[in-house]
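Participant: From the sequence below, what's the structure:
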Amino acid sequence: MPDRCAVRLVAETRLRGPAGPQQARTYWPLTAMTAPMLVFLPAEGIERADPLCRDLCACAGVVVLSASYRRPLWPDGCSDATFATEWAADHARELGADPDRLLVAGDGSGARLAAAVASRARERGWPPVFHLSVDDLRDRTHLRWEAQ
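Facilitator: All right, here's what the predicted structure looks like:
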């Protein structure tokens with residue numbers, strides 16, 4: 001029986017953030033198909049979010065970029081979250097992801113940042129950025145990507 005959290009690859013990713021190096025981690029699903037790109041903004045850091053990011057990647061079949069951000073959330077964290085999302089959009093093809101299916105989500109304070117990034121994307125006329133909420137997610141085995 002395959003591991004439900006199985007991913008093809010996990011790699012530490014270092015972004016050149018607005019205030020210097022910004023830590024991130026990228027997860028690739030087992031599928032060979034071009035997958036949607038999910039920018040995940042974890043409330044408690046990328047280490048503690050690892051199990052959730054593996055589940056999101058494996059169960060939803062998305063490439064996940066889990067990105068750290070600074071405190072305070074406004075304006076520093078929002079700047080970092082926006083930068084990580086822009087970086088993901090610019091590098092999605094290199095990462096084997098579909099830049100036209102860009103998702104942003106977070107938990108806790110990261111969920112608030114994800115909503116702000118999606119709103120900012122609409123204001124700036126970016127290609128569509130879909131906002132997902134995972135705060136109330138209890139059973140991650142039912143995650144599925146559904147095109148809108």
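Participant: Buried residues, the longest helix anywhere in the chain. List them.
Facilitator: Ranked by residue count and defined by DSSP state H, the top helix of the chain is helix 109-124. Buried residues in helix 109-124, counting neighbours by 16 or more other C-beta atoms under 10 Å, are found at 109, 110, 111, 112, 113, 114, 116, 117, 118, 121. Placement of C-beta: from N, CA and C, glycine included.
Participant: Equivalent analysis for stretch 42-62, please.
Facilitator: 42-43, 46, 49-50, 52-62.
Participant: now, which of these sits nearest residue 127?
Facilitator: Distance to residue 127, by C-beta to C-beta, is smallest for residue 62 among the buried residues of stretch 42-62, at 16.6 Å.
Participant: pretty sure residue 14 is in a helix, no?
Facilitator: No - using DSSP: H, G, I helix; E, B strand; the rest coil, the assignment for residue 14 is strand, not a helix.
Participant: Spit out the contact partners of it.
Facilitator: 21, 22, 23, 24 (C-beta atoms under 8 Å, 6 or more residues apart in numbering).
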